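Q: what follows is a predicted protein model with its sequence.
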Amino acid sequence: MATKPKSEQMCVFKIGYRDYLMPAAAGMKVVQLLTQAVECEEHYEGDLEFVYVAGDQVNVSYRNVRSGQIHMPDGQVIPKSRRLTKQPLPLGFERE
């Protein structure tokens with residue numbers, strides 16, 4: 001008996017106030033790396049040198065999403081067989 005291939009689990013992670021959608025395994029890696037980061041500001045000081053002032057820890061969060069929760073800009077639900085990594089959103093797409 002043949003079984004249907006399981007669709008890839010997707011996630012949304014947030015960095016600051018921006019949300020990013022990607023496969024869950026890759027998203028978890030990004031979140032794990034960013035939990036080690038701190039924000040910083042770059043300042044120019046004399047003698048053509050930049051200095052960096054460390055700030056707060058990066059605000060990052062992660063959550064899994066179901067395929068039915070993902071919609072393309074034209075309002076179509078992404079088919080389970082479609083992989084975002086192979087077919088990115090068209091250029092110029094803006095969130096409402």
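A: Cool, the structure landed.

Q: give me the low-pLDDT residue ranges for this structure?
A: Judged by pLDDT under 70, the chain has its weakly predicted residues at 1-6, 75-96.

Q: tell me the secondary structure for the residue of it positioned farthest from its centre?
A: Among the residues of the chain, the one whose C-alpha is farthest from the average of all C-alpha positions is Asp47, by CA atoms, centre = their mean at 37.5 Å. The three-state assignment at Asp47 reads coil, by DSSP: H, G, I helix; E, B strand; the rest coil.

Q: contacting residues around stretch 28-47?
A: Contacts of stretch 28-47 from elsewhere in the structure, counted by CB atoms under 8 Å, 6 or more residues apart in numbering, are 11, 13, 15, 20, 22, 50-58, 60-62. Just so you know, the C-beta spots here come from the backbone N, C-alpha and C atoms, and that holds for glycine as well.

Q: in helices, which of the residues you listed fall?
A: The helices in this structure, assigned by DSSP state H, contain none of the contacts of stretch 28-47.

Q: in ChimeraX, select just the buried ones from the residues you listed.
A: Here is the ChimeraX command that selects only those of these that count as buried (16 or more other CB atoms under 10 Å):
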select :11,13,22,60,62
